[in-house]
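*Asks:* when you get a sec, could you give me coordinates for this:
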Amino acid sequence: MSMENEEPMEASSSESDDDDMEEREEEDDENDDRPKTFLPGQELKEDEHLVCDQSAYIMLHQAQTGAPCLSFDIIQDNLGNNRQQFPMTAYLVAGTQASSAHLNNILVFKMSNLHQTSKPENEEESESEDDDDDDDEDEEKKPEMTFAIIKHQGCVNRIRTTNFKNSVLAASWSELGRVDIWNITQQLQAVDEPALLERYNLDTVTNPAKPLYSFNGHQQEGFGMDWCPTEPGVLATGDCRRDIHIWKPNEAGSWTVDQRPLVGHSSSVEDIQWSPNERNVLASCSVDKTIRIWDTRAAPQKACMLTKENAHQNDINVISWNCNEPFIASGGDDGFLHIWDLRQFSNAAVGTFKHHTAPITSVEWHWTEPSVLASAGEDNQVALWDLAVERDDDEIVDEELKNLPPQLLFIHQGQTDIKELHWHKQIPGVMVTTAHTGFNIFKTISV
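*Replies:* The predicted structure is shown next:
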């Protein structure tokens, strides 16, 4: 982001001739209309506002969904992996946070025609003589978004998807204390075909979609939820009461939920992450300031293998398990981002970063770059990190940047109260974020 003046600022006068040179230099600085670097924590003057530095993004698009969606997931599609070509397409599922419980929905949607928004450095800018042609080109490059809606009772605290038996499933955590599993395959087909979508919208008026399975065994609402990546159809859910339940698909086409919760946490379970490699191992974090590692093959009372006490100064909100290395990242209300080595879990964090000035609300490792991760917080920032970067002792650092960690690659702003972020696992470098002010989908020059 950069900072731009709305009106020229006037320099104050000086009566001393000795100060003439200094005054002229200050006046030149104050009358300089060039954008200046904005760093979080700085205060904007009355005549200043933030504008986006488009040259820092390869792609940047915004989207609105009416009621805010404070949890979402990116759906694995059939368009191929390692996609690089523009325009791009992405499929998502999200849950709303409407003012009344009965007004909430699950939204299955398709973002398409996502064009590159900045030109490559080697591509020279050229002015067109025909304004009409420019307008037509801009219209052709407009991003598109198509929705299929599922009625949902209560705000959606969290939603996660998986592919299971040739279907796409979504699990939703309701503020009413219920967890539902939905088959969203039909909705995905509808957002691809206008005729199917029209028929679907008519059908849902009289025949609304129903969940495949619902679980009311949690005593309170919750936020912890994750599908196991190594054992299809297995789900873990955690609630604000402190309980974690393990779900397993059964031969009847439904799920069996172990009514005996995993025993260990003493307060609300805020996030759950299955190991990317071991099918029976998961991690959880809690308001009780602990991170716990569980082996679900053991009895629920003995399933907790490892515990990191006082991992943060306050509530631990989110964790992310590195897909390539034995590391877990955690973010909490204290604004700290900690990196834990599972090989020496009882020791101190192997990395600690204090950049966010408010609670961290989301953290996620890049799925192929083991040293790259992203974090988001209530300070309205998304930070991209590369933990492999180190500052040389003799490196010359800009005075404005000397207090920033050298591992901080990029700061994305422009959204208010950011809640979740996810890397798109099939489009390298593309990230989606959601906040009270809507969605952003972008690709930076940094990752």
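*Asks:* quick check: phi and psi on I293?
*Replies:* phi -110, psi 130 (degrees, to the nearest 10).
*Asks:* report pLDDT for the residue nearest to it when sequence neighbours are not counted.
*Replies:* Residue nearest to I293 in three dimensions, not counting chain neighbours: L306, with 4.1 Å by Cβ to Cβ, 6 or more residues apart in numbering. To be clear about C-beta, it is placed using only N, CA and C from the backbone, and glycine gets the same treatment. Here, the pLDDT recorded for L306 equals 97.
*Asks:* give me the buried positions along stretch 309-320.
*Replies:* For stretch 309-320, a neighbour-count test (16 or more other Cβ atoms under 10 Å) marks A311, H312, D315, I316, N317, V318, I319, S320 as buried.
*Asks:* how about those residues, which pair is most distant?
*Replies:* By the measure Cβ to Cβ, D315 and S320 form the most distant pair in the buried residues of stretch 309-320, at 16.5 Å.
*Asks:* surely G335 meets T361?
*Replies:* No - look at G335 against T361 with Cβ atoms under 8 Å: they stay out of range, at 10.7 Å.
*Asks:* who touches both of the two?
*Replies:* Taking Cβ atoms under 8 Å, 6 or more residues apart in numbering as the contact rule, G335 and T361 both touch G377.
*Asks:* check this structure for its longest helix and report it.
*Replies:* In the chain, with assignment by DSSP state H, the single longest helix is helix 194-206.
*Asks:* which helices and strands does that helix pack with?
*Replies:* If contacts are counted by 3 or more Cβ pairs under 8 Å, 6 or more residues apart in numbering; DSSP states H and E, helix 194-206 sits against strand 144-151, helix 185-192.
*Asks:* just the mean pLDDT for that helix, thanks.
*Replies:* Helix 194-206 comes out at a mean pLDDT of 94.
*Asks:* which residues sit against that helix?
*Replies:* T146, A148, I149, I150, K151, Q186, Q187, Q189, A190, V191.
*Asks:* so which of these is surrounded by the most neighbours?
*Replies:* Neighbour tally across the contacts of helix 194-206 (other Cβ atoms under 10 Å): the maximum, 27 neighbours, falls on Q187.
*Asks:* may I see the buried residues of stretch 203-219?
*Replies:* Within stretch 203-219, the residues that qualify as buried are T204, A209, P211, L212, Y213, F215, H218, counting by 16+ other Cβ under 10 Å.
*Asks:* can you tell me which of these are in strands?
*Replies:* Y213, F215 (DSSP state E).
*Asks:* of the buried residues of stretch 203-219, which is the nearest to I339?
*Replies:* H218 (30.6 Å).
*Asks:* and the closest one, what does it touch?
*Replies:* So H218 contacts G177, R178, V179, T237, D239, R241, D243, H245 (Cβ under 8 Å, 6+ apart).
*Asks:* please pick the buried ones from those residues.
*Replies:* Counted by 16+ other Cβ under 10 Å, the contacts of H218 give G177, R178, V179, T237, D239, R241, D243, H245 as buried.
*Asks:* phi, psi of the fourth one?
*Replies:* Taking degrees, to the nearest 10, you get phi -130, psi 140 for the backbone angles of T237.
*Asks:* pretty sure it contacts V179?
*Replies:* Yes - at 5.3 Å, T237 counts as touching V179 under the criterion of Cβ under 8 Å.
*Asks:* give me the pLDDT value at S371.
*Replies:* The pLDDT attached to S371 in the predicted structure is 97.
*Asks:* kindly report the same for V318.
*Replies:* Value listed for V318 in the pLDDT field: 98.
*Asks:* what of D19?
*Replies:* So D19 comes in at 51 (pLDDT).
*Asks:* what of the one 4 residues further on?
*Replies:* What the model reports for E23 is a pLDDT of 55.
*Asks:* same thing with N277?
*Replies:* Predicted confidence (pLDDT) for N277: 95.
*Asks:* could you check how far it is from T368?
*Replies:* 15 Å (Cβ to Cβ, to the nearest Å).
*Asks:* do the same with H424
*Replies:* Distance of H424 to T368, given as Cβ to Cβ: 12 Å.
*Asks:* between these two, point out the one with more neighbours.
*Replies:* Using other Cβ under 10 Å, the more surrounded residue of H424 and T368 is H424, with 22 against 12.
*Asks:* if I pick the more buried one, what's in contact with it?
*Replies:* Contacts for H424 (Cβ under 8 Å, 6+ apart) come out as I74, A90, V430, M431, V432.
*Asks:* are we agreed that T161 is in a strand?
*Replies:* Yes - membership of T161 in a strand is supported by DSSP: H, G, I helix; E, B strand; the rest coil.
*Asks:* show me what it bridges to in the sheet.
*Replies:* Assessed by DSSP bridges, T161 has beta-bridge partners A170.
*Asks:* quick one: the strands in the stretch 1-150 of the chain?
*Replies:* Counting by DSSP state E, counting those that start in this stretch, the stretch 1-150 of the chain has strands at residues 2-5, 36-37, 48-51, 57-63, 69-74, 88-96, 105-114, 144-151.
*Asks:* mind giving me the packing neighbours of the fourth one?
*Replies:* The one in question is strand 57-63. strand 105-114, strand 438-444.
*Asks:* L44 is nearest to which of the ones you listed?
*Replies:* strand 438-444 (20.8 Å).
*Asks:* tell me the secondary structure for R260?
*Replies:* With three-state DSSP as the criterion, R260 reads coil.
*Asks:* neighbours around it, how many?
*Replies:* By the criterion of other Cβ under 10 Å, R260 has 13 neighbours.
*Asks:* and what of the one 5 residues further on?
*Replies:* Other residues lying near H265 total 24 when counted by other Cβ under 10 Å.
*Asks:* ok, A56 next?
*Replies:* Counted with other Cβ under 10 Å, A56 comes out at 17.
*Asks:* so what's it up against?
*Replies:* Contacts of A56 (Cβ under 8 Å, 6+ apart): F410, T444, I445, S446.
*Asks:* would you mind listing which of those are buried?
*Replies:* Buried among those (16+ other Cβ under 10 Å): F410, T444, S446.
*Asks:* now, which of those sits nearest G66?
*Replies:* For the buried ones among the contacts of A56, the nearest to G66 is T444 (27.7 Å; Cβ to Cβ).
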